[in-house]
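Asker: pasting a predicted model and its sequence here:
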Amino acid sequence: MYDYVIAGGGSAGCVLAARLSEGGAKVLLLEAGYPDSHPFIHVPAGFTKLSGPRVNWGYRTVPQKHLNNRDMWFPQGKTLGGGSSINAMIYTRGQAEDYDGWSVPGWTYEDVLPYFRKAESNRRFANRYHGTDGPLAVSDPISPLPISATFLRAAQQAGILYNPDFNGATQEGVGYHQTTTREGRRGSAAVSYLNPARGRMNLTIVTRALASRILFEKGKAIGVEYRVDGTTAIERALAAQEVIVTSGAIGSPKLLMQSGIGPQEHLKSHGIDVVADCPGVGENLQDHLDCYTVYDCNGPHSYYGVDQYAKQAWWALQYLLLKSGPVTTNIVEAGAFVRRDKDSKTPDIQLHFLPAYVVDHGMMRIPGYGVCLYSNLLRPRSRGTVRLQSSTPDAHPLIDPNYLADPYDQRMAVEGLKLAREVMAAPAMRPFLANERMPGQKMQSDQDLSSYVREWGKTDYHPVGTCKMGTDKMSVVTPDLRVVGVEGLRVCDSSIMPNEISANTNAPTIMVAEKAADLVLAAAGATRTKAA
């Protein structure tokens, strides 16, 4: 028996486990993946090697009808720290308008800003927007390549203003990314939150523990069933206070549906007894779709496209002795947020500059020196679903982001490519580039670029919305993150976001968990007061 059983050891789960056990509660954290012991997790450049099944669910989407019927790779973290252990470590929060636009009581920008500050230990900023005493290390790039600075100049020549802080008073502009790193090491949620809490006697962490269903008694969640290490033996953990689901925008709706919470006809079709008919579970899936322009350099201005073992040995020595050099890079060294739609009042396109060939998730090996400029549409209007493939817990779900279903998204994807080309054609970049490899100069019309997106567009790894928070009939959780129709159960991760954030989603997910911890502890305090 525990006070809280947390199903999912990703970013949100690590935060909640640390904060609730810090408050004295007895907590069990279940994670389906391995511990975060893979050596590449902890060195920033190592994330480019983190694609295998030891740390990654390796999902694929259903065929995307607006992207040439491709079934697309859809990676999600499967290790302690979740996405924060395998991502590119970019620290961005989105716009104030994102949170105000949720229109959910208690979740305006001014409501959530204190939780961003509470989480953050920023190496450069200390002001109204940034904290310096939190667990999450946030730092500047250590050794960015000179061509990343060239990109900053080129973007300004293309009319984009310089912005030293994407998370400050305004998001719009071009600049270097801050990252969740410190002294050349990744600062994942597992490292930042869970490691300092591991010695607590009231915190139990079980890895390789796949949650199969939530247990209910008279409409109240009382625990979780799970299996460890792929065995068939079923274990049960009981929760005296609450069960908290933190399995992400794919895993959380899957676990709810396996447990009988979701659209009743879908559940019945898989032989699952309905605990609560909740039609919004697995609906409202949103993700950032991005695409890339790729350029060959005319000299050694970028990272080399194919591993060179002698150079790698030198980089490793430089890292060990000086904590500098290419091993400290997150590759995505700089970026921009830009208004491309004339009717938009805030940025609607995000650019990521990578001083390397990184094509098809880095799976395409291209020798030589090159750079990429990725573009993604920040506020997609297309909506997709997560559905069960079967009631078997091991079965991957059916993931349908439904990319480019809305004509607006199709138009903005093309606009993003045009913007990227304008920046890369600026005078500052010309001395360093030999030619445009992708899409290639033959691709000029909107129709050409639309065809290119359908062939090469990919996830930007930011799914949200499948257990959305709100007060309408499609809401899965209330503003205090309680699951509608049952008691003793909350969902606390990126799946509760009603609409996509206009940025990378890891920092907002950590914010959600920080706020959730306060909501849970406040409810426990109210229960104790009532009992007394």
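Answerer: Structure received.

Asker: tell me the spacing between A209 and Y226.
Answerer: The gap separating A209 from Y226 is 5 Å, by CB to CB, to the nearest Å. Just so you know, the C-beta spots here come from the backbone N, C-alpha and C atoms, and that holds for glycine as well.

Asker: nearest spatial neighbour of R198, chain-adjacent residues omitted?
Answerer: Nearest residue to R198, sequence neighbours excluded (CB to CB, 6 or more residues apart in numbering): I205, at 7.2 Å.

Asker: wait, that neighbour sits on N195?
Answerer: No: applying CB atoms under 8 Å as the test, I205 and N195 come out as separate, 10.7 Å apart.

Asker: so these two - more neighbours on which side?
Answerer: Counted by other CB atoms under 10 Å, I205 and N195 do not tie: I205 has more neighbours, with 21 against 17.

Asker: A45 reaches V332, doesn't it?
Answerer: No: here A45 lies out of contact with V332, judged by CB under 8 Å, at a distance of 11.2 Å.

Asker: of those two, which one has the most company?
Answerer: The residue with more neighbours, out of A45 and V332, is V332; 24 against 19, by other CB under 10 Å.

Asker: and that one, what does it touch?
Answerer: Neighbouring residues of V332 by CB atoms under 8 Å, 6 or more residues apart in numbering: 88, 90, 177, 352-354.

Asker: what about Y295, which helix or strand?
Answerer: Using DSSP states H and E, the element containing Y295 is strand 289-297.

Asker: beyond that strand, next helix or strand please.
Answerer: Downstream of strand 289-297 (by DSSP H and E), the next one is helix 309-322.

Asker: ranges for the helices of the stretch 201-350 of the chain?
Answerer: For the stretch 201-350 of the chain, applying DSSP state H, counting those that start in this stretch gives helices covering 248-258, 264-269, 309-322.

Asker: turn the ones you listed into TSV, columns for mean pLDDT and distance to L377.
Answerer: Conversion of the helices of the stretch 201-350 of the chain to TSV gives the following (pLDDT from 0 to 100; distance: least, CB to CB, whole Å):
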stretch	mean pLDDT	distance to L377
helix 248-258	98	18
helix 264-269	97	29
helix 309-322	74	35
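
Asker: F216: which of those helices is closest?
Answerer: Closest to F216 of these, according to CB to CB: helix 248-258, at 11.6 Å.

Asker: run through the stretch 401-532 of the chain and note the low-pLDDT ranges.
Answerer: Low-confidence segments of the stretch 401-532 of the chain (pLDDT under 70): 526-532.

Asker: mind listing the strands for it?
Answerer: 433-438, 458-459, 489-491 (DSSP state E, counting those that start in this stretch).

Asker: what angle separates the longest helix along the chain from helix 248-258?
Answerer: The helix that spans the most residues within the chain, counting by DSSP state H, is helix 506-531. Interaxial angle, helix 506-531 versus helix 248-258 (axes from the mean of the first three to the mean of the last three CA atoms, to 10 degrees): 50 degrees.

Asker: quick revisit: strands paired with the strand holding Y295, and their directions?
Answerer: Sheet pairing for strand 289-297, assigned by DSSP bridges, gives strand 370-377 (antiparallel), strand 433-438 (antiparallel), strand 458-459 (antiparallel).

Asker: just the CA coordinates of that strand, formatted as CSV?
Answerer: C-alpha atoms of strand 289-297 as CSV (Å, rounded to 0.1, in the frame of the first residue of the first chain):
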residue,chain,number,x,y,z
LEU,A,289,4.9,18.5,-38.2
ASP,A,290,8.3,19.8,-39.5
CYS,A,291,10.2,19.6,-42.6
TYR,A,292,13.7,20.5,-43.6
THR,A,293,15.8,22.4,-46.1
VAL,A,294,19.3,20.8,-46.5
TYR,A,295,22.4,22.5,-47.8
ASP,A,296,25.9,21.2,-48.8
CYS,A,297,28.7,23.3,-47.4
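
Asker: give me the mean pLDDT for it.
Answerer: Strand 289-297 carries an average pLDDT of 97.

Asker: where does the stretch 101-250 of the chain have low pLDDT?
Answerer: Looking at the stretch 101-250 of the chain by pLDDT under 70, you get an empty list.

Asker: ok, which stretches of it are strands?
Answerer: So, for the stretch 101-250 of the chain - with DSSP E, counting those that start in this stretch - the strands run 120-122, 136-138, 173-176, 181-182, 185-186, 203-206, 209-217, 220-228, 235-245.

Asker: helices and strands around the third one, which ones?
Answerer: Okay, so that is strand 173-176. Using 3 or more CB pairs under 8 Å, 6 or more residues apart in numbering; DSSP states H and E, the elements in contact with strand 173-176 are helix 146-157, strand 334-338.
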